[in-house]
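Novice: could you work out the structure for the sequence below:
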Amino acid sequence: SFLSGLFEALKEETHTDALLKPSDGSPSIPAHRVVLATRSEIFKDMLETNCFKDDTIRVPELNSEELESLLEFLYNGILPLEKLEKHVHPLFIASKKYEIPYLQEFCQFYMLNSLNASNVLDVLETSQACSNTALKEIALDFIFNNAEAVVLSDKYEALAAKNPQLCMQITREFFMNAKNEKFSRARVMGFQKKIGFSEKSISDFQASNVEEEMGNNQGSFASHM
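Specialist: Numbers count the residues shown, from 1 in each chain. Predicted coordinates for the structure are as follows:
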């Protein structure tokens, strides 16, 4: 297909003309300017400024493995489930910083539809890092409704030591929900509707969006050639 052919060009480093430097000191990863520019307004701006003199974009938020997953998504429009599960939080943060809306939607969909007592604190921290109020409210509501499984866990104890301010917000949410649980539930349902929470699987999400994404990219690439 059109997008898989682009990804093959990335893997084979065919006519690459840019480098992305990960945060862990690993070698820079070759890429194509046209793909970076059409996928991200921030990358586009960086590539067009004088600061891009050595053909290298530094990506301090992502290690080498995470950066490879980011590029795979930029080229393919999808990501294997095992990679998404492993890297969803740093990819979500990167999608906000580099203005990659489809990746942000993709990661958010996965986080919401896989939310459980083991990962809800990670989702909460990620939502705080990205200032995503809707995602944060849904995570807080999940914690309120699953308090024993979450608050009595080792992960919550670690969070309390690392981020006491966030734990204070969780405490406040308990009091707010206890005082007016009916209003809180209506508010959270409103946030779920706003950000597109659904019972679809991640494969359904991919299938419903990749065809549209391919069409958009063919037009975008043509405009940059």
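
Novice: hey, let's count contacts and neighbours off CA atoms from now on
Specialist: Will do.

Novice: give me phi/psi at residue 131?
Specialist: phi 50, psi 40 (degrees, to the nearest 10).

Novice: got a pLDDT number for it?
Specialist: Looking at residue 131, its pLDDT reads 94.

Novice: give me every residue that touches it.
Specialist: Applying CA atoms under 8 Å, 6 or more residues apart in numbering to residue 131 gives no contacts.

Novice: give me the neighbour count for residue 12.
Specialist: With neighbours defined by other CA atoms under 10 Å, the count for residue 12 comes to 11.

Novice: how far away is it from residue 59?
Specialist: 22 Å (CA to CA, to the nearest Å).

Novice: the helix or strand hosting residue 124 packs against which elements?
Specialist: Per DSSP states H and E, residue 124 falls inside helix 120-129. Applying 3 or more CA pairs under 8 Å, 6 or more residues apart in numbering; DSSP states H and E, we find helix 120-129 packed against helix 81-97, helix 133-145, helix 154-162.

Novice: what residues sit buried inside it?
Specialist: Residues of helix 120-129 classed as buried: 120, 121, 122, 123, 124, 125, 126, 127 (neighbour count, 16 or more other CA atoms under 10 Å).

Novice: so which residue is dead centre in the protein?
Specialist: The C-alpha lying nearest the average C-alpha coordinate of the chain belongs to residue 92 (CA atoms, centre = their mean; 1.6 Å).

Novice: my guess is it meets residue 108, correct?
Specialist: Yes - checked against CA atoms under 8 Å, the pair residue 92 and residue 108 is within contact range at 7.2 Å.

Novice: beta-bridge partners for residue 56, please?
Specialist: Note on residue 56: beta-bridge partners by DSSP bridges are residue 19.

Novice: that one and residue 35, how far apart?
Specialist: Applying CA to CA, the value for residue 56 to residue 35 is 15 Å.

Novice: what about residue 139, neighbour count?
Specialist: When neighbours are counted by other CA under 10 Å, residue 139 comes out with 26.

Novice: what residues are up against it?
Specialist: With CA under 8 Å, 6+ apart, residue 139 has these contacts: 120, 121, 123, 124.

Novice: same thing but at 7 Å, please
Specialist: 120, 123, 124 (CA atoms under 7 Å, 6 or more residues apart in numbering).

Novice: again with residue 136
Specialist: 124, 127, 128.

Novice: what about 10 Å?
Specialist: Residues near residue 136 by CA atoms under 10 Å, 6 or more residues apart in numbering: 120, 121, 123, 124, 125, 126, 127, 128, 130, 142, 188, 191.

Novice: returning to that earlier point: surely the residue nearest to the centre of the chain touches residue 85?
Specialist: No - between residue 92 and residue 85 there is no contact under CA atoms under 10 Å: 11.5 Å.

Novice: where does residue 183 land on pLDDT?
Specialist: Taking residue 183 on its own, its pLDDT is 49.

Novice: make that residue 211, sorry
Specialist: 52.

Novice: what does residue 205 give?
Specialist: 59.

Novice: any idea how far residue 135 is from residue 103?
Specialist: 15 Å.

Novice: find the nearest non-adjacent residue to residue 60, please.
Specialist: Of all residues not flanking residue 60 in the chain, residue 23 sits nearest, at 4.6 Å (CA to CA, 6 or more residues apart in numbering).

Novice: contacting residues for the one you found?
Specialist: Contacts of residue 23 by CA under 10 Å, 6+ apart are 58, 59, 60, 61, 62, 63, 64, 66, 67.

Novice: make TSV out of those residues and add distance to residue 166.
Specialist: What follows is the contacts of residue 23, written out as TSV (distance: CA to CA, whole Å):
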residue	distance to residue 166
58	30
59	27
60	24
61	21
62	23
63	25
64	29
66	26
67	28
